[in-house]
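Trainee: got a predicted structure plus its sequence, pasted below:
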Amino acid sequence: MPTMRVFNCLSGSILCGLTLLLIFLPCFTPEWAGNFILISLSAIPICIADGIIFAILLWKHNRWWMLYLLLLLGSSPILSGYFPLHFLHREEVPDSNQLKLVCWNAEGFRLNKDTLAKAAHSIRILQPGIVCLQERPHTNLLAWDTIRAAFPDYPYCIINSREDEVLNLAVFSRWPIGNVQEYYFPNSYNKILQADIQMTGQTFRLFNVHLQTTGMNESSSMKDRLQTMRHHAIRRNRQADLLTKAIAESPYPVIVCGDFNDIPASYVYRKISRSLQDCFLQAGRTWKGSYQRWGDFLRIDYTLCSPAFQVNCYQLVSNPWSDHKQQHCVLYLDKCS
């Protein structure tokens, strides 16, 4: 019995410590938060374990149930990032006041013109006002003129001026684009495109985002994979800090969309989304992830927006042309100032 009691105390203390690390992860520096990348990846199992122990202690009338209740309450914002729980009825608005947006990591269109044509057609039939693409291929591999021709309905478009071998960006818009800025990161092909969109007399700031990739090599050892995961998490955390600062400095309402390469429990997501709405949580209809591999449960692609927007619809749409689902979002712009 004493041995069992010691084991219970030790395991309970470890679980409490892990939960507290999860709760306070955004308070750490990017470097420290990167060290705990495996803990953030284990957020769901940790919270489930808290819930099971809470139920057992409550059933046994053990006074420690209050501690686990506090831990569950503290971690509830983390869990809420995985499950869209919305009950408010969204009023329909006229099409003229709607902003339809498609955001997608196209995985280079598989460097295939037929794939590009089919994917572009699937997007165009939705008639979105804005299309944000991540992983646009280098022009030597798939010419920009070819990609541009696949989206003829958009008079305005921008791409990153520094053409990298991989991980390039593009934005197509039906409305004028101004004040374009680009953010590049040291030792990385990842980047951010920022632009002001002028729609029906109102202006909002758009961020097309592709943060640090995981860089995992399946042929490397487990030790090397963990080391790479940690280093890239630190880079991604620093990039998130830069993006958060740019969002805070915007004089206009913002839309932030793209491939964050991180989950809702991460430092990255919780830092960037702190003052924004997550369109998935506001109007999503499924708990499934945005990454189509690894069991379809990883949500690493996001569309976030300022509270000035009303989110009317959000969908993650599977497709055969990329390892990422397409994000389809409908926003109501009339509240913007």
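Mentor: Yep, that arrived. Numbering: from 1, shown residues only.

Trainee: Thr214 is in contact with Met229, correct?
Mentor: Yes: counting by Cβ atoms under 8 Å, Met229 does reach Thr214; the two are 6.4 Å apart. All C-beta atoms are positioned from the backbone trio N, CA, C, and that covers glycine.

Trainee: least trustworthy helix or strand in this structure by mean pLDDT?
Mentor: Every helix and strand in the chain was compared by mean pLDDT, DSSP states H and E; the lowest is helix 2-23, with a mean of 74.

Trainee: residues in contact with whichever helix or strand comes after that one?
Mentor: Per DSSP states H and E, the first helix or strand lying C-terminal to helix 2-23 is helix 30-35. Applying Cβ atoms under 8 Å, 6 or more residues apart in numbering, the contact partners of helix 30-35 are 25-26, 230-231, 233-234, 236-238, 240-241, 267.

Trainee: which positions within the helix or strand just after helix 30-35 qualify as buried?
Mentor: Taking DSSP H and E as the definition, the helix or strand that follows helix 30-35 towards the C-terminus is helix 37-41. Neighbour counts over helix 37-41 (16 or more other Cβ atoms under 10 Å) mark 37, 39-41 as buried.

Trainee: just give me the closest of those to Asn160.
Mentor: Distance to Asn160 across those (Cβ to Cβ) is lowest for Ile37, with 27.3 Å.

Trainee: leaving aside the residues next to it on the chain, what's closest to the closest one?
Mentor: Leaving aside its chain neighbours, Ile37 sits nearest to Ala233 (4.2 Å; criterion: Cβ to Cβ, 6 or more residues apart in numbering).

Trainee: quick one, what contacts the one you found?
Mentor: 33-34, 37, 212, 262, 266-267.

Trainee: pLDDT averaged over stretch 105-117, what's the number?
Mentor: Per-residue pLDDT values over stretch 105-117 give a mean of 96.

Trainee: please begin residue numbering at 31 from this point
Mentor: Yep, numbering from 31; the last one is stretch 135-147 now.

Trainee: flag the shaky bits of the chain, pLDDT-wise.
Mentor: Flagging of the chain using pLDDT under 70 yields the residue ranges 31-38, 115-127, 246-250, 364-367.

Trainee: give me the domain ranges for it.
Mentor: Using automatic domain parsing, the domain ranges for the chain come out as 32-110, 125-362.

Trainee: circling back: which of the contacts of helix 60-65 fall in helices?
Mentor: Among the contacts of helix 60-65, the residues falling in helices (DSSP state H) are 260-261, 263-264, 266-268, 270-271, 297.

Trainee: farthest pair within those?
Mentor: Farthest-apart pair in those is Arg260 and Asp271; separation 17.1 Å (Cβ to Cβ).

Trainee: pick the most buried one from the domains of the chain.
Mentor: domain 125-362 (a mean of 18; mean count of other Cβ atoms under 10 Å).
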